[in-house]
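K.L.:
this one's structure only:
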């Protein structure tokens, strides 16, 4: 057969991750392994858009509406209301946090993501062929996905109760290859 031009699970079922720092921590549920991207990845950050200390409600406009790109690093820290549903649509791929269920949904993959001290910290790395989503350092969802080339936006929306956003930042990522 010829080259794979469209993502189909039968052709690709593995993912290569960015460099991660692994650490063992104590939690109320016993010892847990944490995954966090290494700090040196921050050197790839380019143009950014940031907000801090604000409350987002369902009727609010998209706070990241001006940022367009292909590769992203997104970090947020927030305190959702008990009935909040926070959605980040990154290049058309939905990443949804359901506060009532304390569950993260990336595309269609579901993973538990408990709040820590009433807060949610998310980090999303979006590449051309994969998304990596980290929630409170305890939930890690690597997701092979090929977003539509024309979809280059980040959308943030809220359903249900408000979300107190301590910080929300999105950076376009630069290529690791010099001159590109």
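P.N.:
Ah, there it is. Computed from a prediction, not measured in an experiment: that's the story for all the values here.
K.L.:
residue 30 pairs with what?
P.N.:
Beta bridges link residue 30 to residue 27, judged by DSSP bridges.
K.L.:
one more: the one 4 residues further on?
P.N.:
With DSSP bridges as the criterion, residue 34 is bridged to residue 23.
K.L.:
wait, what's in contact with it?
P.N.:
Going by CB atoms under 8 Å, 6 or more residues apart in numbering, residue 34 touches 22-25, 137-138. In short, each C-beta sits where N, CA and C put it, glycine included.
K.L.:
repeat the analysis, applying 10 Å as the threshold.
P.N.:
20-25, 27, 134, 136-140 (CB atoms under 10 Å, 6 or more residues apart in numbering).
K.L.:
distance of it from residue 135?
P.N.:
According to CB to CB, to the nearest Å, residue 34 stands 11 Å off from residue 135.
K.L.:
the residue sitting nearest the centre point of the chain: which element?
P.N.:
By CA atoms, centre = their mean, the chain has its centre lying nearest to residue 124, at 2.7 Å. Using DSSP states H and E, residue 124 sits in strand 120-126.
K.L.:
show me what that strand pairs with in its sheet, parallel or antiparallel.
P.N.:
When DSSP bridges is applied, strand 120-126 pairs with strand 72-80 (antiparallel), strand 130-135 (antiparallel).
K.L.:
nearest to residue 88, out of those strands?
P.N.:
The closest of these to residue 88 is strand 72-80. By CB to CB, the value is 6.8 Å.
K.L.:
run the chain-centre distance for that closest one.
P.N.:
7 Å (CA atoms, centre = their mean, to the nearest Å).
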